[in-house]
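> build me a structure from this.
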Amino acid sequence: MELEELLKDREFEEGEKRLKEALLIAQREWGKLALSLELAGDIGDFHEEDFMIGVIEEDVIIRKPLESRTKSVSVYAPTYYPMYFIENVLAMNERLPGRGYRTTQALYVYIELATRAAERLGLIGSFAMSFGSGYANARSGWVAEKGYPVERRIFEKMFFRDKKKHFEWDFHWTSVRERLKEVFQKWTQWQSDKELYLKEAKSPAIIRPMLV
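Numbering: from 1, shown residues only. You can find the predicted model right below:
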């Protein structure tokens, strides 16, 4: 076997090993997420096909599986998008012993996990995404470059209501599960009542005249 082919085989084997490791970690975190959302509903088992498992090669997104959802790529948010899911999962896990979930990698991993969980529980579109972003913020303490600032603040206010805001909470705490149920019910109300959503989550636009 030629050296180039040997190196490709080793690279493939190493990639497969990292992929399997990352999926086990993601499955573990999905279980923790499910526990925290238990009072809101059953999110079911972890399915890797629900997430984008792939890499970027020469500016082309190679998706595995091919039917995974895609999102546009922005140079301003290089670690946000789903094609970085595996990379973020591994980096998050590596930092857990020293930093817990207070990392940007945990932020982006939980945006993906919590958004999918919200979809499993019946939220759709921007409601699922804003819930996922709010959960990830409450978990990590970090804020995504893109997202829903008003909804995120409401999520944070509801989740940390009447107690000191800290991010070292555990998934199994009764208070955590009860707060997440309340937050999820609010998002469900918004989804079914557009007027309520506009009233509570969208500030009136301020139109400023242009100077000519």
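
> show me the strands in the protein, by range?
Taking DSSP state E as the criterion, the chain contains strands spanning 53-57, 60-64.

> looking at the ones you listed, which one has the lowest mean pLDDT?
Out of those, the stretch the model trusts least by mean pLDDT is strand 60-64, with a mean of 43.

> how about Tyr148, what does it touch?
The neighbours of Tyr148, taking C-beta atoms under 8 Å, 6 or more residues apart in numbering as the test, are 126, 129-130, 133-134. Where you see a C-beta, it was placed from the backbone N, CA and C, and this is true even at glycine.

> same question but for Thr103, I mixed them up
Thr103 makes contact with 91-92, 95, 140, 142 under the criterion C-beta under 8 Å, 6+ apart.

> which of those lies closest to Ala114?
Compare each of these with Ala114 using C-beta to C-beta and the shortest gap goes to Ser140, at 10.9 Å.

> the closest one and Glu156 touch, don't they?
No: with contacts counted by C-beta atoms under 8 Å, Ser140 stays clear of Glu156, the gap being 11.8 Å.

> ok, these two, which is more surrounded?
Taking other C-beta atoms under 10 Å, Ser140 and Glu156 do not tie; Ser140 has more neighbours (24 against 16).

> returning to that earlier point: so which of the contacts of Thr103 comes closest to Leu23?
Using C-beta to C-beta, Met92 is the member of the contacts of Thr103 that lies nearest Leu23, at 13.5 Å.

> what about the spatially most central residue of the chain, distance to Arg120?
Closest to where the C-alpha atoms of the chain average out (C-alpha atoms, centre = their mean) is Ile111, at 1.0 Å. Note on Ile111: its distance to Arg120, by C-beta to C-beta, to the nearest Å, is 15 Å.

> hang on, the earlier thing: can you put the contacts of Tyr148 in JSON lines and add pLDDT?
Rendered in JSON lines, the data for the contacts of Tyr148 read as follows (pLDDT from 0 to 100):
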{"residue": "Ser126", "pLDDT": "90"}
{"residue": "Met129", "pLDDT": "92"}
{"residue": "Ser130", "pLDDT": "93"}
{"residue": "Ser133", "pLDDT": "93"}
{"residue": "Gly134", "pLDDT": "95"}
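
> in PyMOL, select just the buried ones from these.
Once 16 or more other C-beta atoms under 10 Å is used to decide burial, the buried members of those can be selected in PyMOL as follows:
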select buried, resi 129+130+133+134
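
> could you list which of the contacts of Tyr148 belong to helices?
Within the contacts of Tyr148, residues falling in helices by DSSP state H are 126, 129-130, 133-134.
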